[in-house]
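# Let's see this in three dimensions:
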Amino acid sequence: YRFGRDEDKSPDLLGLGNVSDSIELGGFAEWRPGWAIVGVEIGQDVAGGHNGLIAAAYAGSQLPLGGDWYLEGGAQVTWVSENYMQRNFGITAEQSA
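From the prediction side, this is the model:
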């Protein structure tokens, strides 16, 4: 579930329109060989909120601290479709005016 945005929540958003909530279906895969972490995830909106696709890939590592505690860190790159970008960040000529 991804929350939308109401233009009346902030004066900075007035005139930009609302962004609908969306439900994304997808999946992920993760591999943890030893201390490394590598994974991918993908989600497609199925509720008409943005009608877009989101995909991410990440890599990192983990350091055991003792017991059930670990310190993890890494980096992630995310790609989103044009539909997602337009719905969440796009501005029409009328909105710009």
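# show me the contacts for the residue nearest in space to the middle of the chain.
Against the mean C-alpha coordinate of the chain, by C-alpha atoms, centre = their mean, the closest residue is Ile54 at 6.4 Å. Neighbouring residues of Ile54 by C-beta atoms under 8 Å, 6 or more residues apart in numbering: Glu24, Gly26, Ile42, Gly43, Gln44, Thr78, Trp79, Val80, Ser81, Tyr84. C-betas here are computed from N, CA, C, even on glycine.
# can you confirm the fourth one is in a strand?
Yes - following the definition DSSP: H, G, I helix; E, B strand; the rest coil, Gly43 is counted among the residues of a strand.
# so how far is Trp35 from the closest residue in space to Arg87 that isn't next to it in sequence?
For Arg87, the nearest residue in space outside its immediate sequence neighbours is His50; the separation is 4.0 Å by C-beta to C-beta, 6 or more residues apart in numbering. Look at His50 and Trp35: by C-beta to C-beta, to the nearest Å, they are 36 Å apart.
# between these two, who's got more neighbours?
His50 (23 against 12; other C-beta atoms under 10 Å).
# Pull out the buried residues from the strand or helix carrying Trp79.
Taking DSSP states H and E as the definition, Trp79 sits inside strand 69-80. If you call a residue buried by 16 or more other C-beta atoms under 10 Å, then strand 69-80 has these buried ones: Val80.
# show me the contacts for the closest residue to Arg5 other than its chain neighbours.
With sequence-adjacent residues excluded and distances taken as C-beta to C-beta, 6+ apart, Arg5 is closest to Val19, at 4.1 Å. Neighbour list for Val19: Gly4, Arg5, Gly49, His50, Arg87, Asn88 [criterion: C-beta under 8 Å, 6+ apart].
# Mind checking which of those residues land in helices?
Secondary structure defined by DSSP state H assigns Arg87, Asn88 of the contacts of Val19 to helices.
# closest to Asp12 among the contacts of Val19?
Set against Asp12, the nearest of the contacts of Val19 by C-beta to C-beta is Arg5 (11.0 Å).
# so how far is Ser10 from the residue nearest to the centre of the chain?
Between Ile54 and Ser10 the computed distance is 24 Å (C-beta to C-beta).
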